[in-house]
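S.K.: Let's see this in three dimensions:
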Amino acid sequence: MKTKLTEFTNSWWDTLRWIISLPESEIAWWVICLSGFERSATTEKKFKTLADRMSEKMLATLRFDFSGLGLSDGDFRFTTIEKQWQDLLSAIEKLWQEIWNSKINIVAHSLGACVLASQIEKIKDKIGKIILIAPALNQKELLRYRFTTGQMKKLRPELVITWQNYKTYLNELDFLKDCEKTDKMSKANYINSSYFLTNKDIDFSSNFKDFNSQVLHIHWDKDIAVPSESLNINFTNKIIVENWDHDMERPDQFDKWIDEAVKFLIKNN
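M.R.: Modelled structure (predicted):
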């Protein structure tokens, strides 16, 4: 497998970087990998391992980082799904200049699925297969669920908040006030209110209804970060794995999905 680092400029003149993994033989198909919230597709183990496996099947993999993350320049503070979509569109347009006669497959984890879903109709003629790993499509409810979980840890730490009971303890007014804060921090970054104000009323689940046959949905049955029950769409092709985590990278569980994911990409492509 051959690997190279490439960079390009997005709409905001940030320099974005991607790692391309190429098979030793000719290229049959291209795959773009999209990371989740505050993650890096260039460095995450699941995407690197996928690239290794796919190169054996004549698949070329492009792992790129959204602005302000991983190897890419920019300030994550100003991130929104719309801004990340523009990053993805820039990447697709640059790649399309070289492979204009070939469809592009996409593997998206968590929030990356929302980025793809947000404007998928605009690129539907360019898209082949889609793999959604623990997709966080129902932002409307997931943001409220996470807010309630965090709030109850402070107010009533003895409570166990789940997807089934969080609405009982949700304070909608406090949630809306929290969305307006401009000094919020994620694990490693500040993030502006625009991200939360935009997503608080959106469920992207239905955006994939016309693409169901093209999608493979992979999820952990006890995913706490993005419960599988949050999805308001039932994908025909799916792998539900027992006893796993949201990142999908535990080595003892990897083989329960990665080979099936590669088979899905190459079947009838």
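
S.K.: so where do the helices sit in the stretch 151-269 of the chain?
M.R.: 166-169, 172-179, 193-199, 258-266 (DSSP state H, counting those that start in this stretch).

S.K.: Please apply the same query to the stretch 1-150 of the chain.
M.R.: 45-55, 81-96, 111-118, 139-155.

S.K.: wouldn't Ser102 be in contact with Glu26 here?
M.R.: No. Ser102 is not in contact with Glu26 according to CB atoms under 8 Å; the separation is 11.7 Å. From N, CA and C alone the C-beta is placed, and that goes for glycine too.

S.K.: quick one, which of these two is more surrounded?
M.R.: Ser102 (17 against 8; other CB atoms under 10 Å).

S.K.: Give the full set of residues in contact with the more buried one.
M.R.: Neighbouring residues of Ser102 by CB atoms under 8 Å, 6 or more residues apart in numbering: Trp29, Trp30.

S.K.: Tell me how far it lies from Leu71.
M.R.: Ser102 sits 25 Å away from Leu71, going by CB to CB, to the nearest Å.

S.K.: Next one: the residue nearest to the spatial centre of the chain from Phe37, what distance?
M.R.: Ranked by distance to the mean C-alpha position of the chain (CA atoms, centre = their mean), the top residue is Gly112 at 2.1 Å. Note on Gly112: its distance to Phe37, by CB to CB, is 9 Å.

S.K.: Could you give the number of residues near the closest residue to Val262 other than its chain neighbours?
M.R.: Once flanking residues are discounted, Val262 sits nearest to Arg53: 5.1 Å by CB to CB, 6 or more residues apart in numbering. Residue neighbour count, defined by other CB under 10 Å, stands at 16 for Arg53.

S.K.: so Arg53 makes contact with Glu260?
M.R.: No. In this structure, Arg53 is not within contact of Glu260 by CB under 8 Å, at 11.0 Å.

S.K.: Quick check: chain neighbours aside, which residue is closest to the residue nearest to the centre of the chain?
M.R.: Leu34 (3.2 Å).

S.K.: For that neighbour, give me its contacts.
M.R.: Leu34 sits in contact with Ala41, Phe64, Leu88, Ile106, Val107, Ala108, His109, Gly112, Ala113, Val115, Leu116, where contact means CB under 8 Å, 6+ apart.

S.K.: pretty sure the fourth one is touching Ile127, no?
M.R.: Spelled out, it's Ile106. Yes. Judged on CB under 8 Å, Ile106 makes contact with Ile127 at a distance of 6.5 Å.

S.K.: Which residue of these two possesses the greater neighbour count?
M.R.: Ile106 (28 against 17).

S.K.: Who are the contact partners of that one?
M.R.: Here Ile106 is in contact with Val31, Ile32, Cys33, Leu34, Leu116, Ile127, Lys129, Ile130, Ile131 (CB under 8 Å, 6+ apart).

S.K.: residues touching the first one, list them.
M.R.: Applying CB under 8 Å, 6+ apart to Val31 gives the contacts Leu50, Met54, Leu59, Ala60, Thr61, Leu62, Ile104, Asn105, Ile106, Val107, Leu265.

S.K.: do you know how far the closest residue to Ile123 other than its chain neighbours is from Val115?
M.R.: Spatial nearest neighbour of Ile123, excluding adjacent residues (CB to CB, 6+ apart): Ile92 at 6.2 Å. According to CB to CB, Ile92 and Val115 sit 12 Å apart.
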